[in-house]
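**Student:** prediction below, plus the sequence it came from.
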Amino acid sequence: MEEKNCDRIPLINPSPLTSTQATASKLQTIGNIVVSIVGTGVLGLPYAFRVAGWLAGSLGAIIVGLATFYCMLLLIECRHKLASEEELKGTTTYGDLGFRCIGKPGRYLTEFLICISQCGGSVAYLVFIGQNLASVFKLHGLNFASYIFLLVPIEIALSWIGSLSALAPFSIFADACNLLAMGFVVKEDIQQVVGGDFSFRDRKAFDLAGLPFAGGMAVFCFEGFGMTLALEQSMRESRTFPKVLAISFAWITVVYILFGTFGYIAFGDDTKDIITLNLPNDWTAIAVQIGMCLGLVFTLPIMVHPICEIMEGKLEKTISFQNFRNNDDESLMTRIGKFGIYIGRAVLVIGLAMLASFVPSFGVLVSLVGSTVCALISFVLPASFHLTLLGSSLSFWQKGLDVFILLCGLLFAVYGTYTTIVGV
């Protein structure tokens, strides 16, 4: 299926928001950063704070936020290094950066991790939708997996839409519902704290065993590396991007800490892995849950699109595909190509739905994705690229910090994955 360049996803190709002339103001860039980072994962933070304790969860959010911010700056330095050497022409995606740092293995590894992270995010969307719909409607004989498969035909049809810009308003709608949900949760938290009979000492502050789980959740919540290079390019005054990024991360970190702490303090050991499931069964809470589910239904194709773009791009470069193109007329090729794309995307959606139906809980999935692919994308690859491109010009302390982040990212990915799986 042929698509206009303006409809591409920033993880693979820059979007119209970030790929055209650098016109974004500081305030617009802050808004774009927030939209790129804050998602449904934030609704699992209170549960992460329940597992690790409110103090450990707060410290973890600060550490992960600082590390993610630093690694984003490393990517910007890598791009500037290549630009100064005139090796960066036109495209500035994460995959392109991997290719110029490590060659083809770098591109393949980067794109593979992007596909896995997008699959994990898509499955998380489906689990979130299924669990919330099951809690709202509670129809006899239907569990959360049933609601997921009921939505499969709709998701397949939406995945066939060629213009992703048509779905952009729904993404904004989903973000607005996220904010509304956070607002309702905070309101409920305050009511629980004011009217509840509990002692603050009953809420644990630190649980070392729960740190990897909470860390994986935090990494997932901060993950937005696919947008880093595009966001920096979009700014009218790109030299101020580090400052704008720092301001954005500071506010996001504060919100994460307050939201996670308030949610855990309000519900204690009853805190569920999706905090909206703790809300009372009244019309306002139900409206928020349905609104979030509706928004995610229409934004799931945006999560799936980078996977499709990578796989379909690889398919077009195969020898058999090129030979088929040369031996058949253009109209037949177009029809067969579109049919193949439709079938491939349908199979992908069905596969993601099947995976989602076996997920034990939203929190476990988010922590696992954060501990594995998100940790590699957020920490290991940026540090590796930075050492490869600028290693010879770095001071001893800068090089040591990069190596430390790289090793910590690898250890966290291994240990966090192990503890998450064992804890299932």
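**Tutor:** On my side now, so go ahead. Numbers count the residues shown, from 1 in each chain.
**Student:** of all residues in the protein, which one is nearest the centre?
**Tutor:** By Cα atoms, centre = their mean, the chain has its centre lying nearest to Glu223, at 5.3 Å.
**Student:** dump the residue contacts of that one.
**Tutor:** For Glu223, the contacting residues are Ile37, Thr68, Ser117, Gly370, Cys374, Ile377, Ser378, by Cβ atoms under 8 Å, 6 or more residues apart in numbering. Heads up, the C-betas are built off the backbone N, CA and C, glycines and all.
**Student:** quick one: the last one from Leu142, how far?
**Tutor:** This means Ser378. The gap separating Ser378 from Leu142 is 37 Å, by Cβ to Cβ, to the nearest Å.
**Student:** between those two, which is the more surrounded one?
**Tutor:** Ser378 (25 against 15; other Cβ atoms under 10 Å).
**Student:** tally of neighbours for Val422?
**Tutor:** Neighbours of Val422 using other Cβ under 10 Å come to 7.
**Student:** without its sequence neighbours, what residue ends up closest to Pro280?
**Tutor:** Glu188 (7.1 Å; Cβ to Cβ, 6 or more residues apart in numbering).
**Student:** pull the number of nearby residues for the one you found.
**Tutor:** With other Cβ under 10 Å as criterion, Glu188 counts 20.
**Student:** in which helix or strand would I find it?
**Tutor:** In the assignment (DSSP states H and E), Glu188 maps to helix 168-195.
**Student:** run the chain-centre distance for that helix.
**Tutor:** Centroid separation for helix 168-195 versus its chain: 19 Å, with Cα atoms, centre = their mean, to the nearest Å.
**Student:** so how far is Val369 from Thr93?
**Tutor:** Note on Thr93: its distance to Val369, by Cβ to Cβ, is 21 Å.
**Student:** would you mind telling me which of those two has more residues around it?
**Tutor:** Val369 (26 against 22).
**Student:** OK, contacts around that one?
**Tutor:** Shown in contact with Val369 (Cβ under 8 Å, 6+ apart): Ser117, Gly120, Gly121, Ala124, Gly216, Phe220.
**Student:** which helices and strands sit right next to whichever strand or helix holds Thr68?
**Tutor:** Assigned by DSSP H and E, Thr68 falls within helix 54-84. Secondary-structure packing of helix 54-84 (3 or more Cβ pairs under 8 Å, 6 or more residues apart in numbering; DSSP states H and E): helix 45-52, helix 94-102, helix 211-222, helix 228-234, helix 241-267, helix 381-390, helix 396-422.
**Student:** now render the ones you listed as TSV, adding distance to Ile275 and mean pLDDT.
**Tutor:** Shown next, in TSV, are the helices and strands packed on helix 54-84 (distance: least, Cβ to Cβ, whole Å; pLDDT from 0 to 100):
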stretch	distance to Ile275	mean pLDDT
helix 45-52	5	90
helix 94-102	31	81
helix 211-222	12	85
helix 228-234	28	74
helix 241-267	5	88
helix 381-390	31	89
helix 396-422	19	85
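**Student:** looking at those, which is closest to Leu348?
**Tutor:** Closest of those to Leu348 is helix 94-102, at 19.3 Å (criterion: Cβ to Cβ).
**Student:** centre of the chain versus the helix or strand that that closest one is followed by, how much separation?
**Tutor:** Next helix or strand after helix 94-102 toward the C-terminus (DSSP H and E): helix 104-137. Centroid separation for helix 104-137 versus its chain: 8 Å, with Cα atoms, centre = their mean.
**Student:** again, but for stretch 412-424
**Tutor:** Counting by Cα atoms, centre = their mean, stretch 412-424 comes out at 19 Å from the chain centroid.
**Student:** again with stretch 32-39
**Tutor:** Between the mean C-alpha location of stretch 32-39 and the chain-wide mean there is a distance of 9 Å, by Cα atoms, centre = their mean.
**Student:** look up phi and psi at Arg203.
**Tutor:** Arg203 has phi and psi values of phi -90, psi 120 when expressed as degrees, to the nearest 10.
**Student:** what about it, how many neighbours?
**Tutor:** Applying other Cβ under 10 Å, I find that Arg203 has 19 neighbouring residues.
**Student:** what's the answer for Pro153, then?
**Tutor:** 11.
**Student:** Phe112 now?
**Tutor:** 14.
**Student:** from here on, call the first residue 26.
**Tutor:** Renumbered: residue one is now 26, and that last one reads Phe137.
**Student:** what's the helix or strand for the residue nearest to Phe162 when sequence neighbours are not counted?
**Tutor:** Nearest residue to Phe162 in three dimensions, chain neighbours excluded: Tyr172, at 7.9 Å (Cβ to Cβ, 6+ apart). In this structure, Tyr172 sits in helix 169-175 according to DSSP H and E.
**Student:** mind listing residues that contact that helix?
**Tutor:** Leu151, Val152, Ile154, Gly155, Gln156, Leu158, Ala159, Phe162, Ala378, Ala381, Ser382.
**Student:** what sits against the fifth one?
**Tutor:** If I follow you right, that is Gln156. Phe169, Ile299, Leu302, Phe387.
**Student:** what's the closest non-adjacent residue to the second one?
**Tutor:** Read that as Ile299. Phe387 (5.1 Å).
**Student:** now that neighbour: how far from Gly123?
**Tutor:** The gap separating Phe387 from Gly123 is 30 Å, by Cβ to Cβ.
**Student:** ok, and for whichever helix or strand Pro178 is part of, which residues are buried?
**Tutor:** Assigned by DSSP H and E, Pro178 belongs to helix 177-184. Across helix 177-184, burial judged by 16 or more other Cβ atoms under 10 Å covers Val177, Glu180, Ile181, Leu183, Ser184.
**Student:** kind regards, and thank you for your time.
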